[in-house]
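In: coords please:
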Amino acid sequence: MKNTNQGRCLIIIINWQQCQLTKKLLENSRFNPEIFDILIFDNESNKITRAFFTDNKHLFTHYRCSPENLGFASPCNIGLNFAHEKGYEFIFFLNNDAIIKNNEAERLFKIVQQNKKIALASPLIKDVETGNISFSGARFNNKKNIINHIKSDEIKNDLESHRYLLYGTALFGRVLPLKEVGGFYEPFFAYWEDFLLCNDLMTSGYACSIIKEASVFHKNDRSDEIDTSRSQYYYYYLIRNEVVFWRKVTTRSIKPIYWLVRRSVCTFISLIKRSRYSQAKAVIIGLLDGFIGKSGKWKHHIQKSY
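Out: Numbering: from 1, shown residues only. Now for the predicted structure:
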């Protein structure tokens, strides 16, 4: 039987607590159906969210859900496995709070399609309010014990030579190489799995590229989340997983972890001064759990509320 999805792309969008935002992305993006199919993963779903997506099923192609919060990495891997089983050649992991125009997605598709060595690619990520570039890639320094963020004018023109670390906001990839390296590292639950995946792909000889010709807009400033319970897990996972990341990618992890500890102490002090005690506690627990090698979902991870 002919594989009707050969040469096509599956877009995976994870929804968690943001049904209206997901709907807005789908309505405004208008992805070309000749190229793209869309899989919605309804994370920590319930009757309300399932009813919402049933009412809006005309906006997407496939739907999967989990009553448990699986974080970011596991839903992405579920989407990757689905794409592989259905014969899609490409996959596009897209945050539901991103803003992308249809021609930008098609531009990514065509550029990656033409460059066979690219396993994963990202557009330039721009701040949704200012329009300025907030992330244009990162790379390990020569000693591979710190990460340097790069400017857009430093990006090489030869896409197949790119060895960049990419953010998970909008990742366009080839299904087979991603399956080959095992996909996203699920014990991270959330944060740093994007950089670790890039490291795994580059170690296997693939390119991880920044596409300067395409852009996606995303909120860069998280300051308005400082007072929310949701920000607790942001601090915990970001710090815990960075410790684990460095211990996985290099045997010389002392220097980067030292600088992480210094940054974390500054963050802790800043939070205490603002009486954000639960967030400050999350910083310390994240550090300690990282050092003892804990992974998976944090037992204090907040439950969904309505």
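In: any idea how far residue 241 is from residue 279?
Out: Counting by CB to CB, to the nearest Å, the separation of residue 279 from residue 241 is 17 Å. Every residue, glycine included, has its C-beta placed from N, CA and C.
In: low pLDDT regions in the protein?
Out: 1-2, 142-144, 220-230, 301-306 (pLDDT under 70).
In: 50 instead?
Out: 1, 303-306 (pLDDT under 50).
In: okay, which residue is most central for it?
Out: Most central in the chain under CA atoms, centre = their mean is residue 168, positioned 2.2 Å from the mean C-alpha point.
In: ok now do it, which residues does it touch?
Out: By CB atoms under 8 Å, 6 or more residues apart in numbering, the residues touching residue 168 are 72, 93, 95, 193-194.
In: Let me know the closest of the residues you listed to residue 251.
Out: Lowest distance from residue 251 to the contacts of residue 168 (CB to CB) belongs to residue 193, with 21.0 Å.
In: What is the neighbour count of the closest residue to residue 242 other than its chain neighbours?
Out: Among residues not flanking residue 242 along the chain, residue 260 sits closest, at 5.4 Å (CB to CB, 6 or more residues apart in numbering). Residue 260: 19 surrounding residues under other CB atoms under 10 Å.
In: Quick one: the strands in the stretch 1-150 of the chain, in order.
Out: Assigned by DSSP state E, counting those that start in this stretch, the strands in the stretch 1-150 of the chain fall at 9-15, 36-43, 62-66, 90-94, 118-127, 133-135, 138-140, 147-149.
In: Dump those strands to CSV, plus mean neighbour count.
Out: Listed next are the strands of the stretch 1-150 of the chain as CSV, based on neighbours: other CB atoms under 10 Å:
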stretch, mean neighbour count
strand 9-15, 25
strand 36-43, 22
strand 62-66, 16
strand 90-94, 24
strand 118-127, 23
strand 133-135, 18
strand 138-140, 18
strand 147-149, 13
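In: Go through these and name the closest to residue 286.
Out: Closest among those, using CB to CB: strand 147-149, at 18.3 Å.
In: Give me the sheet partners of the closest one and which way each runs.
Out: When pairs are called by DSSP bridges, strand 147-149 turns out to pair with strand 138-140 (antiparallel).
In: picking up where we left off before, would you reformat the strands of the stretch 1-150 of the chain as CSV and include distance to residue 251?
Out: CSV is the format used below for the strands of the stretch 1-150 of the chain (distance: least, CB to CB, whole Å):
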stretch, distance to residue 251
strand 9-15, 34
strand 36-43, 35
strand 62-66, 36
strand 90-94, 30
strand 118-127, 25
strand 133-135, 28
strand 138-140, 14
strand 147-149, 17
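In: Could you say which one of those comes nearest to residue 236?
Out: Taking CB to CB, strand 36-43 is the member of these nearest to residue 236, at 17.9 Å.
In: on contacts alone, who are the packing partners of the closest one?
Out: With contacts defined as 3 or more CB pairs under 8 Å, 6 or more residues apart in numbering; DSSP states H and E, strand 36-43 has these neighbours: strand 9-15, helix 47-55, strand 62-66, helix 73-85.
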